[in-house]
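In: No sequence on hand, only this structure:
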């Protein structure tokens, strides 16, 4: 492969960055093109990555740190970068099927134009932990499934299906027709600690700065609020989402 071809391949690929995300990707069914390992990278996890890559007959390329810095856009790659096929999106039907296979009522997250990939990755990580059946994001003006999202999710991207839709408002209306009760957030909403999330539910998490858009807010069945008694009257989107997701988990899985 010429240097020009290599550059083209790097630009056209998605990346999985970091040791634990790499292990998760190698253990999954995701299509992986190549494994880059830093020349001096050592340790048990590196040995495991090598074993998994060889088992799948993947190309392993030992490279200088500068090369991995370039591929990861100077993220903390920990000496490992995978080039992978673009992350595949699910459909709304896939999300319902995921819940059906688990014999559970659907629990979906609806992300209203989140822009920070770290927030999306963190939300995916918590969504996996609480057993959410999928995430819905818009195609435009929002972060998608990127290498940074994959790394922040620490492998959850392999287990939480993400559907990308053209119009969130129309999607929410369709979900309601399918029997999904839609919850959003508002300062004057019900205290989230009283939220009963049993049944088929969708939880809307608003944009980092603007919150839930007015059009979506009009289609919410009930709003929730997170009480705050300190001086700062807002929470990071992924932190707020985590609190709400675990309240949903608690109400859907009560202690005996």
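Out: Great, that's in hand. Here the structure is a predicted model, which means the values were calculated and not measured.
In: The stretch 51-200 of the chain: helices as residue ranges?
Out: Ranges of helices within the stretch 51-200 of the chain are 65-71, 92-101, 117-130, 147-152, 168-177, based on DSSP state H, counting those that start in this stretch.
In: tell me how far the fourth one is from the chain's mean position?
Out: Translated: helix 147-152. Offset of helix 147-152 from its chain centre (CA atoms, centre = their mean, to the nearest Å): 8 Å.
In: Need the contact partners of it.
Out: With CB atoms under 8 Å, 6 or more residues apart in numbering as the test, helix 147-152 has contacts from 14-18, 21, 25, 72-73, 75, 87, 117-118, 120-122, 124-125, 143, 157. C-beta here means a position set from N, CA and C on the backbone, and glycine is covered the same way.
In: Buried among the residues you listed? Make that a PyMOL selection.
Out: Listed next is the PyMOL selection for buried residues among the contacts of helix 147-152, using 16 or more other CB atoms under 10 Å:
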select buried, resi 14+15+16+17+18+21+25+72+75+87+117+118+120+121+122+124+125+143+157
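In: what's the angle between the longest helix along the chain and helix 117-130?
Out: Selection of the longest helix in the chain by residue count, based on DSSP state H, yields helix 237-252. Angle, helix 237-252 to helix 117-130, by axes from the mean of the first three to the mean of the last three CA atoms, to 10 degrees: 10 degrees.
In: which other helices and strands contact helix 237-252?
Out: Judged by 3 or more CB pairs under 8 Å, 6 or more residues apart in numbering; DSSP states H and E, helix 237-252 is in contact with strand 107-111, helix 117-130, strand 201-205.
In: so what's residue 16 bridging to?
Out: Taking DSSP bridges as the rule, residue 16 bridges to residue 82.
In: so it touches residue 81, yeah?
Out: Yes. Between residue 16 and residue 81 there is a contact under CB atoms under 8 Å: 7.2 Å.
In: Need the overlap of contacts for those two.
Out: residue 22.
In: picking up where we left off before, name the surrounding residues that touch the longest helix of the chain.
Out: Residues contacting helix 237-252 (CB under 8 Å, 6+ apart): 105, 107, 109, 114, 116, 118-119, 122-123, 126-127, 130-132, 185, 192-193, 195-198, 201, 203, 205-208, 224, 226, 235.
In: do the same with stretch 27-34
Out: Contacts for stretch 27-34 (CB under 8 Å, 6+ apart): 9, 13, 16, 25-26, 52-53, 56, 58-61, 82-85, 87, 158.
In: Going through these, which ones are buried?
Out: 13, 16, 25, 26, 52, 53, 58, 82, 83, 84, 87, 158.
In: Dump those into JSON lines; add pLDDT as well.
Out: Output for the buried ones among the contacts of stretch 27-34, formatted as JSON lines (pLDDT from 0 to 100):
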{"residue": "13", "pLDDT": "59"}
{"residue": "16", "pLDDT": "89"}
{"residue": "25", "pLDDT": "89"}
{"residue": "26", "pLDDT": "93"}
{"residue": "52", "pLDDT": "95"}
{"residue": "53", "pLDDT": "94"}
{"residue": "58", "pLDDT": "92"}
{"residue": "82", "pLDDT": "92"}
{"residue": "83", "pLDDT": "88"}
{"residue": "84", "pLDDT": "83"}
{"residue": "87", "pLDDT": "79"}
{"residue": "158", "pLDDT": "86"}
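In: Adding distance to residue 241, write those residues out as CSV.
Out: Listed next are the buried ones among the contacts of stretch 27-34 as CSV, based on distance: CB to CB, whole Å:
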residue, distance to residue 241
13, 29
16, 23
25, 24
26, 28
52, 31
53, 34
58, 34
82, 27
83, 30
84, 26
87, 20
158, 20
